[in-house]
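Participant: Coordinates only, no sequence provided:
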């Protein structure tokens, strides 16, 4: 099975151990699944509501998969032709398919569990048990977390075992599959969730003054579906992708620097992360009388972090001994032990430190108890405009600190590898990425916990559960909002670190393809070169363009929902609660709109790097990637944190300060929250997969770019792509017959 | 007088011709000044209002100059020590002083004329003459325009004549002086103008429902003062600076590529621009029955453009003959004439094309008749939040197109110089910058026309002029808003092109200092280097940080104004119009707040490049500059155009659509406008001088960085600067005694 590469017996053992751990992770997911499904499903009414959400969510995903299935199959074929040798070509195409199927599975299974878990959480709350409700909600999240861990590790390890030193060529396909699917899930899910949310709120809360999740609001089921589609399926696919992409780049760079050990070490680190996540997530529980969900979740996180760090050090201590690397290393790099190179361990610890710091930063800028959110809430007193301006300034500032922290992490990784060559430095950065995503299992548990708790709260409201149950659900929902916000910070930062690693892999790849030395490539990728600079400018512009497209898409889709909900509320029976509104119709409008709107940004993501590479050459493509990472990070964190700050400023006011609910300050804070919604839940999160997709496309296209860049054919293909892109950008999407009908009916 | 460099007789003649043209420009400014001052000053009441504005504006500028005088003197001394040889050191220090004094003069004189022109425009309108009102307003603007042209050209030419081939070392001082002053004028003026504006609007329009410029509003004079301080003095200093900086970089790069001719040609081009501006601006007039101000201004612009293009071609045709350069140039580059190198002319034409395209783009995204503004106005119907989101998306999109256009201009310049070395390409880009700013005289006339017309309108309202006069003034004010917006686009794009030229000059400078070859420097500045990448990340973050600081500063200052105006309106006599409010007190609060708030961003601009250079070395500084240019451009255009779109969406609704004034849609549009104000008039415009200041600091500091970067001393100084910067950022500005008093009084 293992191809041309020879592994030592120890290595084979290590690889099987990793593979075994991946399987253990999947089995643990199965065990939790059985556990959750065994729980009480509540009353018939609750089950009916939950089943509406489930049906809607599944309808959405099925339609989404159908929409992109053709593209995936087309790209599978295209990928087959990007590799020269047949066995690599087949491997890459299959790996691409596997990556996209894995990513889809994580999203699909995770979401399906979430929509089954929500009603069980509500039922536990109805029984009055806070601890059961917390446990079910969190474990539902952990299922997705362990699926991500298990499938990500399984895929990478298998490919490495089969293809050995050629593995990275195949791994590119695996990474690209996951990334591309995540992009579509993020964009489509993001548009769905916010169109439903904004549509439900504009008519329900603002026009008709009825509470959130009021059963008369036709968009309320769509809103709950949206939470699952966007926050659960989208986010899970996104993090799965970062998890994959970091291992792909670590393996490419590990091979180029340390050889075998450079590849196997990150796999071992990942395996430890799986064990650590199992231990830590299982520990999340609270006594019935304490009822502090946040504390329980944090303790679980700390346990996992502790197990990971201990594990890394142990593995490093035993595995990283090899006299060949240790010429003249300083004491801290060898722990004073001859033959030991402890530097990869230090790099992973930098990653864990980075994750913790980013968590604290996100918390600082979006927590209700900290000055930034307080300042936004205060400014709500002087009106809508000042609320917006203050949140805007908070967002701008937060992204600066996040980028500083990432810059310091890069410098630390480089410091660890000072005096070596750039490939080692790049490996250090990618190991920091591996370290950062070690606790992916915990992160995803925390994230998916959010929509599960949110949905359970919605079911509680719609099924009119008694007050004590509602209190439990409201408390869990509030904690879910915090955990969701924290995960968002990690998701973005990890995307940036992953993208930087991919970018380094891009450089390594050019070197392999063109037989240029590193110094020659460096000279080629200089910002002093006008082509690189132009690439930088264009790359920097893409996240702005992409955000503009997705924000406008939400606006268009929300407009349709508003019209539809208004129309349905005109029915007197619906308004008086005698008849249920047609929930499914709103879900289907959202679904159709989201599918239509994801095509333009999707094509933009895939085609722009090809255009830049073919028309402006590989050096411009390098500048393009750098510019895109920079502005993508700046914009993504800005949008996430400004949105988070507005959201929590509203919560703060709803808790009673500055006049509380119904006051003018509250109205201003609702405006802030509504502005922030498409930024933090659609445009911002979609930038994570965007920057990774573009990097992946660049990596896959570089052999073609190198072959074609000085030929007339390449220029013609590039120009054709450029014209097509221009057409996409200038072409305004026309309303469909269905949309026109909605618009006319409402007019 | 002319030092070690020998000029040919023809060259000396050319230089004296340029110098003569500069003087002609200044004389023309003097001629217009006499003409404007000769006009009728209107009634005693009008004069009284105008004089309040004038006194306030002068008080502001005097205080501003006092605040920064110490820093300027300190930096003059510091600059003396940045140059090695004594005569260069003295030259640089003097040039720095001259640059800052020239920049201050342009702002000071221009503003003083604007505050005298405004009442004369109002008087002409009171006489019922549209054509006189237009002529006076526009010519008042032209005075500043010609001052900019004349002083900019005079300074650069004199320095070149005195220092010959060492001129660029001295020119750096000249450029830095102008740039630094522009930064302070922009930041201080921007904070003043928006604090006054937002403060006046929040209490007047929103709380008390009284019209803009109502005499009972204590902030109304401050608001009019602000227009002059921000739009007139700030903008004039800003464009003066771009005008200077482009000539500095063109001269540095011209010397390195073509030698003498490379330096003298841009001076000749500039001289032609002066003549063209005189001809074109003088032609701006309209018949009394036509009353189309925009058309008259556009015709003037076209005449200038035509004269320039004809002039460039003629000068190029005669001046750019030299057999040495023409080996194997294609036909279009020689016009088929042996010995002619027409490429610099083509590059300047690219610049003119760039200016025209940017004008059209800005117009498209901010004009009331075009889809973007219409879409924002439409979205105002569904509330405050949708109004904000749509404007936000419009801004994001507009910045993408602007950057694409700049990228294309760079590629065209590079195409013109294809097959040569990077210095020639850089010269081509800088000549595009020269071409772009050819019509600076016209641009500034159009820009200053804005606040003059706005103020005249304010005076008309406060002096309760009859209806026909008010209509004339309102029409001119509306045209002024459009011309101001157009100039803003040019100012940003020219700042970016200037910054790119400076960046190229930075590279040329490293080469001169370190005797590294271009290829070695290129390799050093590779985005594949982790230091460069970290520099890129930090540089990209700075515009976000800077914007956050200035936006928050506006908020704090506006808060004080709101309290003060509310307090003054509590006086019954003021409210009933029996007693005038204390206008001067509001002006003085604004002044104090603006001065206090400009220190932190100012220090950030000067010290960050030093920190990056000393701690992370010169390669990181290169990445820093590139990242800063990229994100500065993206953010500046985003803020300018989003702000412009919101502003004009409000105007569109006030013209009667979607319910007109007083409707809910109108309220949402006021929110949009208020959000846009600090973005488009404070944070956005301040980014232009910011990116140039940082580039200038880098250029000046590079010899020190090169000398100190590997020494412990450099590291210590750099770290100390870093700690100081961190202190500045984390230190919250404490309210002064005056502020505390205002807050307590209002409480």
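Facilitator: Structure's in. What do you need? Just so we're clear, the structure is a prediction, and the values are computed from it rather than from any experiment. Residues are numbered from 1 along each chain as shown, chains lettered A, B, ... in the order given.
Participant: Residue A:682 - nearest residue in space that isn't next to it in sequence?
Facilitator: Closest residue to residue A:682 apart from its sequence neighbours, by Cβ to Cβ, 6 or more residues apart in numbering or on different chains: residue A:190 at 3.5 Å. Just so you know, the C-beta spots here come from the backbone N, C-alpha and C atoms, and that holds for glycine as well.
Participant: From the structure, what's the count of residues near the one you found?
Facilitator: By other Cβ atoms under 10 Å in any protein chain shown, 30 other residues sit near residue A:190.
Participant: Also residue A:465?
Facilitator: Residues near residue A:465, counting by other Cβ under 10 Å: 24.
Participant: again with the one 5 residues further on
Facilitator: Residue A:470 is flanked by 17 other residues according to other Cβ under 10 Å.
Participant: contacting residues around the residue nearest to residue A:682?
Facilitator: Shown in contact with residue A:190 (Cβ atoms under 8 Å, 6 or more residues apart in numbering or on different chains): A:230, A:234, A:550, A:554, A:678, A:681-683, A:685-686.
Participant: List the buried residues in the strand or helix carrying it.
Facilitator: Following DSSP states H and E, one finds residue A:190 within helix A:167-201. In terms of neighbour count (16 or more other Cβ atoms under 10 Å in any protein chain shown), helix A:167-201 has its buried residues at A:167-201.
Participant: So in chain A, which helix runs the longest?
Facilitator: Among the segments of chain A that qualify as a helix by DSSP state H, the longest is helix A:583-654.
Participant: Next, the contact list for the residue most central in space within chain A, please.
Facilitator: With distances taken as Cα atoms, centre = their mean, residue A:238 lies nearest the centre of chain A, 2.9 Å away. Residues in contact with residue A:238 (Cβ under 8 Å, 6+ apart) are A:182, A:185-186, A:491, A:495, A:685, A:688-689.
Participant: go again using 6 Å as the cut-off
Facilitator: A:182, A:186, A:491, A:688-689 (Cβ atoms under 6 Å, 6 or more residues apart in numbering or on different chains).
Participant: likewise residue A:194?
Facilitator: Going by Cβ under 6 Å, 6+ apart, residue A:194 touches A:554, A:677-678, A:681-682.
Participant: Switch the residues you listed over to a markdown table; also include secondary structure, neighbour count and distance to residue A:339.
Facilitator: Below are the contacts of residue A:194 laid out as a markdown table (DSSP: H, G, I helix; E, B strand; the rest coil; neighbours: other Cβ atoms under 10 Å in any protein chain shown; distance: Cβ to Cβ, whole Å):
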| residue | secondary structure | neighbour count | distance to residue A:339 |
| --- | --- | --- | --- |
| A:554 | helix | 29 | 57 |
| A:677 | helix | 22 | 56 |
| A:678 | helix | 31 | 55 |
| A:681 | helix | 30 | 51 |
| A:682 | helix | 33 | 52 |
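Participant: Measure how buried residue A:524 is and give me the count.
Facilitator: 22.
Participant: again with residue A:255
Facilitator: Residue A:255 is flanked by 21 other residues according to other Cβ under 10 Å.
Participant: which residues touch stretch A:52-61?
Facilitator: With Cβ under 6 Å, 6+ apart as the contact definition, stretch A:52-61 has outside contacts at A:108, A:111, A:115, A:221, A:224-225, A:228-229, A:583, A:587, A:591.
Participant: now for those, which pair is the farthest apart?
Facilitator: Using Cβ to Cβ, the contacts of stretch A:52-61 span at most 21.4 Å, a distance reached by A:108 and A:583.
Participant: contacting residues for residue A:634?
Facilitator: The contact partners of residue A:634, by Cβ under 6 Å, 6+ apart, come to A:399, B:540, B:544.
Participant: Least confident of the residues you listed?
Facilitator: On pLDDT alone, residue A:399 ranks lowest of these, at 92.
Participant: returning to what we had before: assumed the residue nearest to the centre of chain A was part of a helix.
Facilitator: Yes. With DSSP: H, G, I helix; E, B strand; the rest coil as the criterion, residue A:238 is assigned to a helix.
Participant: quick one: it from chain B, how far?
Facilitator: Computed as Cβ to the nearest Cβ, to the nearest Å, the residue A:238 to chain B distance reads 21 Å.
Participant: Could you find the closest non-adjacent residue to that residue?
Facilitator: In this structure, residue A:238 finds its nearest non-sequential neighbour in residue A:182, 4.8 Å apart by Cβ to Cβ, 6+ apart.
Participant: which residues sit in contact with that neighbour?
Facilitator: Each residue near residue A:182 by Cβ under 6 Å, 6+ apart is listed here: A:103, A:237-238, A:241, A:689.
Participant: Let me have these in TSV, extended by distance to residue A:642 and pLDDT.
Facilitator: Converted to TSV, the contacts of residue A:182 look like this (distance: Cβ to Cβ, whole Å; pLDDT from 0 to 100):
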residue	distance to residue A:642	pLDDT
A:103	28	89
A:237	24	82
A:238	20	84
A:241	24	83
A:689	20	87
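Participant: quick one: which of those is most hemmed in?
Facilitator: When the contacts of residue A:182 are compared by neighbour count (other Cβ under 10 Å), residue A:241 ends up highest, at 36 neighbours.
Participant: distance of the nearest residue in space to that residue that is not next to it in sequence from residue B:715?
Facilitator: Among residues not flanking residue A:241 along the chain, residue A:182 sits closest, at 4.0 Å (Cβ to Cβ, 6+ apart). Look at residue A:182 and residue B:715: by Cβ to Cβ, to the nearest Å, they are 43 Å apart.
Participant: for residue A:17, same thing?
Facilitator: Counting by Cβ to Cβ, the gap from residue A:17 to residue B:715 is 45 Å.
Participant: neighbours around the nearest residue to residue A:202 once chain neighbours are set aside, how many?
Facilitator: Take residue A:202 and drop its neighbours on the chain: the residue closest to it by Cβ to Cβ, 6+ apart is residue A:562, 5.3 Å away. Per other Cβ under 10 Å, the neighbour tally for residue A:562 reads 23.
Participant: do the same with residue A:16
Facilitator: For residue A:16, the neighbour count with other Cβ under 10 Å is 12.
Participant: Specify the local secondary structure of it.
Facilitator: At residue A:16 the chain is in helix, as set by three-state DSSP.
Participant: Can you tell me how far it is from residue B:544?
Facilitator: For residue A:16, the distance to residue B:544 equals 48 Å [Cβ to Cβ].
Participant: try residue A:303
Facilitator: According to Cβ to Cβ, residue A:303 and residue B:544 sit 37 Å apart.
Participant: So between these two, which is more surrounded?
Facilitator: Between residue A:303 and residue B:544, residue B:544 has the larger neighbour count (other Cβ under 10 Å), namely 24 against 19.
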